[in-house]
Structures are given as C-alpha cells and as structure tokens.
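> kindly generate the corresponding structure for this input.
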Amino acid sequence: MKRTLIVVFMILALLLAACGGGEPAPEEAAPVEEPAAEEAAPAEEEAAEEPVEETAEEPAEEPAEEPAEEPTEEPTEEPAEEPTEEPAEEPAEESAVPNVLKVATTANITTWDPIKSFSTEAIYLANTYEPLLRVNPPDAAEQFTPVLAESWEVSDDGLTWTFHLREGVTFHDGEPLTADAVKQSIDTAAAEAGASFIWLPLESVDVVDDSTVAITTSYPASVDLIASSLYGAWIVSPKALEARAGDENYFETGIEAGTGPYMLESYTPDQEVLLTRNEDYWGGWDGDHYEKVLLQIVPEAVQQQQMFEGGEVDIALRMPQENYASFDGREGYTYLAEPAFFNYVGFFNTLRPPLDDPKVRQALSYAVPYQDLIDVAAFGLATQARGAAPAGVWPYSEEVAQYSQDLEKARELLAEAGHADGFDLRLTYAAENITEERFAPLLKDAFAEVGVNVEIEPILFSQQWEEAKGDPANAQDMFLLLYWPTYSDAGTDNLWSMFHSSEAPFFNLSYWANEEFDTLIDEAATLTVTDPETAQQMYNDAQNLMVEEAPALFFFDTKAPFVIPDHVGGFDYNLNYPFAQAFFYDMFPVQE
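Here you go, the predicted model:
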C-alpha cells in the first residue's frame, strides 16, 4: 500500500515538474521530455517547461568591475627629474580586469522559492543554495562530495541516516546552520516542495544535537541520493522559512537565503541574473575563483552562439546542437560531449492488437535503425540505450540486452505472429521536440521495409499525454517520450514510473503489466541500501525481462555537449544535475 501511495504522489509531482513537451537543451528545465543537451528542458524537447526562449536584451549594466585604484602614494623615491625609466607598474592591470564570468543561458525563473522550485531556475539555486551532499559524476573516485554534511552513516537496517553537519556555516542572512535548520528545511520540503515525492519514505527528522540530525525512513531508502537531489533538498535559512510561512510569495522578488558560494546581487526578469560571491562562504576564496557571474537569459540557440563567438559571453549553454562538433579540435576551445540524464523511449500500446503480441513488438524492435537515429536525430550526441536507465545512472548496467537492426529477423517474427502482410500504426510525438521530429520519419521508413505502415502525427506533448492517459484502449499505437529521473535513481523513477503496472496510467503509457517485473523492481528498491549487489542483479533481471517483452522501444541515451574556451578553467559537467549545468565556484579565469 505504501509503495502504491508513493507511486501516486511521485507521478503527480513528476508530471507537474518533470514532464513537458520540449527537449532539454544542454541546460534546461525540469523533468520529462528532452534534455538540455540540445534542447534540454523537461520531458520534451525544451520540455513543456524547457526554458521559454525569449530574446534576451543587453544587460542594463555589465557587472560592476572596479577599476584598479590609483596608487595612494607616489613612488617611495621621487627623482628630482623625470625618471629615465618608467616606474615599475603596479599589478593594477590584473585587478583592473573584471573577475566576472559571463554566461548565456535559456534558463528562466519560474520561482525563486527553493522549496517550490522544480524547473530551469535550478542553475541559479544550485549556486546559491546547498544540500547536505552532492552526487559525483559516475567516473569519480567517490560517489558523494560532502557539502553541508561533513560525514554521515546509516544504521544496519538501512532505516536511519545520521548526518554530522559542517561547523561554522552561516546562511546569507546571517543565521547559523544548525540541525534544527536542516530539520525545518526537510520537513517543509517533504510537505510542500515541487518535488516533495522524493521524501515519501520519510518517517521523521530528529535533532540529535546542534550539529547532528537523524533521518528515519519507512523502508531502507537511499537517503544519500534523496538528500543530494537538485530539487526538494536545499537547506534554507529558518528565518526565511518563517517569513515564507507568513507570505507565500516571500522569495519571488529575488530573495534568496542559502549557504552557497554566491549570493543574488540583482535580477532583471527575462533578461539577466547577477550573482556575487558570498564573502563568508565556508569554503573560502583562496585560489582562483570568479567574483561575479552574470547570466544572460537568451532563449535563441543561434543568438547564444553568436554572442559566444563574438566574445560577449564566456560560456553559451545552448547552441544549435548540430554546431557543437564544429568546435572539436578548434584552437582556443575544448569540446565536450558528456553522458546526460535523459533517454528516449517509444511506447507500444500493449492493449491493442497486434501490439498486444510480444512477438510483434520484438519484430518492430529489430526493425529500428538505432545508429541512424543517433546520427541523424541526435547528431551523434547519444549512445544506444540499454533499457530505461540512462547510462551512468543507477541501476544502469552493460548486462542489460539491446536489440540491433535485423530486418530479416523482424520479417520472420511478423510472419510467425500472422502478420506477414503487415498492418497500420499511428505514432504520435511531441510537436515541440525537435529530436523526435527528426527521428520519427526514420522509424516510418524502417517499419515500411517490413510491411508496417506508420502514420506520424505531431501534437503538443500535453495533448499527446492526455490522449494516452484518457482512453488507453483507443489511444495512439506508439508514443514517443523523452524522460529523465528527478534524482539519481532510475530504479525507483524510470523503471517504476514508466513500466510498473498501475490501475490508472500516468507514465506507464505502454499499459504493460507484468507481475514478475513489478516484484523484481519493488524488492530491488528495498535492497539498494543494505544489499546493493543483489539489488543491481534484480534490476538487471527486471530490465532484461522488459527488453524481451518489449513494451517499448529503447532508442538512445543523450549526451550533453559543451564548448569551453581556453580562458575558462574548472568546468566539470555533472550528469546528476542536468539543469544546473555548472557549479561556478569550481570555475576560474585562466590567465594567459
């Protein structure tokens, strides 16, 4: 019963924030249709929430850059006559160069409230607020980086997590970080957050002492992953939470109350956000860092590239996807194509003949030209999927099977299923999603080679989704979807949300119901903390069963492309935070 409730709430929240109709660009909004890697935003090409693209105006002012002051004293020795040599110059030139990182982003602000936030403003909040922990990229030596918690441990039964807080941390409003502040933040998030469903396993948050907090759950949940989420896990000043309780719009004028390395200096809606360093940041400011970060909201990818190449910005977080590779090997730039949080699936309507026959679904799985989809639709910025967990995200595994195109095998299976002469299908995709627009015709052509005629219908994601949920028996035959997890657990999100059976469809838009699959992923979720090896094997078994039964086509996991100029150092993309894109504190100007 508890799992059922968890699912219902998880799905409601996922829909509101994670779903969309656009494609997330290498920076984009919150969950469910295509990532910001090219069009990264929530759920569909710039997801329904993908940052709305509006033309950004030139910032009213460049971030104030203090010119180097004139020396207050004359050189110690003043020659009676004009010096034959010019006095040694003070290193004023260096201080005169503004230490400002300029960024072009599509990320608009739907709310400044760190509790409600579940969209593209994550890039700003991730640099002004902090969670207890941060999940590291999959190739890191350690899984987590301590942030506001210096250390933590979990009880043998996996039900109680104890976090020991960093000493001497203050919020931007001067309030100290205490265990009570953590408790208030988590309790508020669990009750009111846009992503409150991540805390559904929560039983209690208890203050052990001023610097120790204990989190107890109803089953052995991965609290370390939950507490490092990009949504619903920020630790907020209790003073600000009190003000918010009395005024639900307290944060909306541009107030923030985090502990992060940067503070909000100014905000011009739809135009720019200026962050300035928090002088009291617990991490200190030794070494090279940017003192300010000016983020200009530029919805058009082409305009971002023009600004980038023209030197108006140091980083452009969303350029046309097809143009990124042109920077590969180009002097003065580093081109990156990083694993991302997003993957594409194509649901079969398993309630309608002939797609109710697994043999037919397997045949169509063999008909797909997977590499062509990657090359044409994603410009090579993807890898073929292995099930529904994106590469690099738990519980992804190379042991999960894949189909490869085999038209002869597809024809054989269709003939065995009694459909040697083919049949007709209606396929819908989100009209907002450019990637789906590119690969739907490739599917049509491939299926035609095995005698299956596909009618393609682009419609708004919201309409497509309502059709699929409203009358499954008469809904579209195929539904293309871009999906990503809310936090770094695709087992309790992707696998459960998209393929666990349910009385009413939400994201299980294939309507597939398999008791063995349900049992495997339900049990795996309870073992992730206490017996991760067994949990991984159970997830592998579940995914291989799913791939064999083929309730969906598993197309590809996207990559996030970036171009970093040589004068910017410290950029390190973390796929676990797809809508944050960058943690500016780690970045620094490279002196020539």
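
> from here on, just use CA atoms for contacts and neighbour counts.
OK.

> quick check: closest non-adjacent residue to H500.
D518 (5.6 Å; C-alpha to C-alpha, 6 or more residues apart in numbering).

> how is this structure carved up into domains?
112-261, 339-559 (automatic domain parsing).

> mind putting those into TSV with mean neighbour count?
As requested, the domains of the chain are arranged in TSV below (neighbours: other C-alpha atoms under 10 Å):
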stretch	mean neighbour count
domain 112-261	20
domain 339-559	21
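
> identify whichever of those lies nearest to M319.
The closest of those to M319 is domain 339-559. By C-alpha to C-alpha, the value is 13.2 Å.

> mind checking how far L294 is from Y124?
Separation of L294 from Y124 (C-alpha to C-alpha, to the nearest Å): 11 Å.

> actually M263, not the one I wrote
On the measure of C-alpha to C-alpha, M263 and Y124 end up 9 Å apart.

> cool, L177 as well?
L177 is 21 Å from Y124, by C-alpha to C-alpha.

> that older thread, can I get the domains of the chain in JSON lines including mean pLDDT?
Output for the domains of the chain, formatted as JSON lines (pLDDT from 0 to 100):
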{"stretch": "domain 112-261", "mean pLDDT": "97"}
{"stretch": "domain 339-559", "mean pLDDT": "97"}
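
> out of those domains, nearest to D280?
The nearest among these, by C-alpha to C-alpha, is domain 112-261 at 7.6 Å.

> going along the chain, name the strands of the stretch 401-550 of the chain.
Along the stretch 401-550 of the chain, the segments classed as strands by DSSP state E, counting those that start in this stretch run 423-430, 452-459, 478-483.

> so which of these is nearest T162?
strand 478-483 (32.4 Å).

> and F327, backbone torsions?
When read as degrees, to the nearest 10, the backbone of F327 gives phi -90, psi -10.

> got it, and the one 3 residues further on?
Here is the backbone geometry of R330 (degrees, to the nearest 10): phi -80, psi 130.

> state the number of residues packed around it.
Counted with other C-alpha atoms under 10 Å, residues neighbouring R330 total 10.

> quick check, pLDDT for it.
The model reports R330 with a pLDDT of 96.

> now it: how far from P565?
10 Å.

> and the lengthiest strand in the chain, what does it pack against?
Using DSSP state E, we find that the single longest strand of the chain is strand 333-348. On a contact count with 3 or more C-alpha pairs under 8 Å, 6 or more residues apart in numbering; DSSP states H and E, strand 333-348 meets strand 478-483, strand 552-565.

> which SS class is T276?
strand (DSSP: H, G, I helix; E, B strand; the rest coil).

> need the contact list for it.
Counting by C-alpha atoms under 8 Å, 6 or more residues apart in numbering, T276 touches 262-265, 291-293.

> tell me which other helices or strands whichever helix in the chain runs longest touches.
Secondary structure of the chain read by DSSP state H shows that its longest helix is helix 532-549. With contacts defined as 3+ C-alpha pairs under 8 Å, 6+ apart, helix 532-549 has these neighbours: helix 358-367, helix 515-527.

> out of those helices, flag the one nearest D445.
helix 358-367 (9.8 Å).

> contacts for the closest one, please.
Contacts for helix 358-367 (C-alpha under 8 Å, 6+ apart): 348, 354-355, 403-407, 409-414, 417, 446-447, 450, 548-553.

> sorry, back to before: roughly how far apart are the residue nearest to H500 and L495?
Distance from D518 to L495, by C-alpha to C-alpha: 9 Å.

> with E256 instead?
Taken as C-alpha to C-alpha, the span from E256 to L495 is 35 Å.

> quick check, E291 in contact with L274.
No. Judged on C-alpha atoms under 8 Å, E291 makes no contact with L274 at a distance of 10.8 Å.

> just to revisit the earlier point, out of the helices and strands packed on helix 532-549, which gets nearest to Y281?
helix 515-527 (36.9 Å).

> what's that closest one packed up against?
Here helix 515-527 touches helix 532-549, going by 3+ C-alpha pairs under 8 Å, 6+ apart.

> contact partners of the helix it packs on?
358, 361-362, 387-388, 395, 397, 399-402, 491, 516-517, 520-521, 523-525, 527-528.

> show me the beta-bridge partners of the nearest residue to V208 once chain neighbours are set aside.
Sequence neighbours aside, A214 is the residue nearest to V208 in space, at 6.7 Å (criterion: C-alpha to C-alpha, 6+ apart). Using DSSP bridges, the beta-bridge partners of A214 come out as T162, D206.

> ok, E153 next?
T162.

> residue contacts, it?
So, once contact is read as C-alpha under 8 Å, 6+ apart, E153 ends up touching 161-163.

> that one and T160, how far apart?
Taking C-alpha to C-alpha as the measure, E153 falls 8 Å from T160.

> need the domains of the chain in CSV (columns: distance to A325).
Output for those, formatted as CSV (distance: least, C-alpha to C-alpha, whole Å):
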stretch, distance to A325
domain 112-261, 23
domain 339-559, 9
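
> which of those domains sits closest to D586?
domain 112-261 (9.9 Å).

> centre of the chain to the closest one, how far?
18 Å (C-alpha atoms, centre = their mean, to the nearest Å).

> for P458, what are its contacts?
P458 touches 428-431, 437, counting by C-alpha under 8 Å, 6+ apart.

> backbone dihedrals for P354, please?
Main-chain torsions, P354, degrees, to the nearest 10: phi -90, psi 10.

> for the closest residue to it other than its chain neighbours, give its distance to D157.
Once flanking residues are discounted, P354 sits nearest to V360: 6.8 Å by C-alpha to C-alpha, 6+ apart. Distance of V360 to D157, computed by C-alpha to C-alpha: 44 Å.

> and G287, by the same measure?
43 Å.

> now swap in G283 and tell me
Going from G283 to D157 by C-alpha to C-alpha gives 34 Å.

> over to W512?
33 Å.

> can you confirm R134 is in a strand?
Yes. Judged by three-state DSSP, R134 forms part of a strand.

> change the start of the numbering to 19 and stick with it
New numbering, starting at 19: the last item is R152.

> enumerate every residue touching it.
With C-alpha under 8 Å, 6+ apart, R152 has these contacts: 162-165, 246-247.

> for it, which residues make a bridge with it?
T163.

> please report how far it lies from S247.
In terms of C-alpha to C-alpha, R152 sits 8 Å off from S247.

> for D227, what are its contacts?
A197.

> end to end, how far does stretch 564-574 reach?
Across stretch 564-574, first to last residue, C-alpha to C-alpha, it's 16 Å.

> distance from the chain centre to it, please.
Between the centre of stretch 564-574 and the centre of its chain there are 23 Å (C-alpha atoms, centre = their mean).

> ok, now stretch 124-142?
Using C-alpha atoms, centre = their mean, the offset of stretch 124-142 from its chain centre is 12 Å.

> first to last residue in that stretch, what's the distance?
12 Å.
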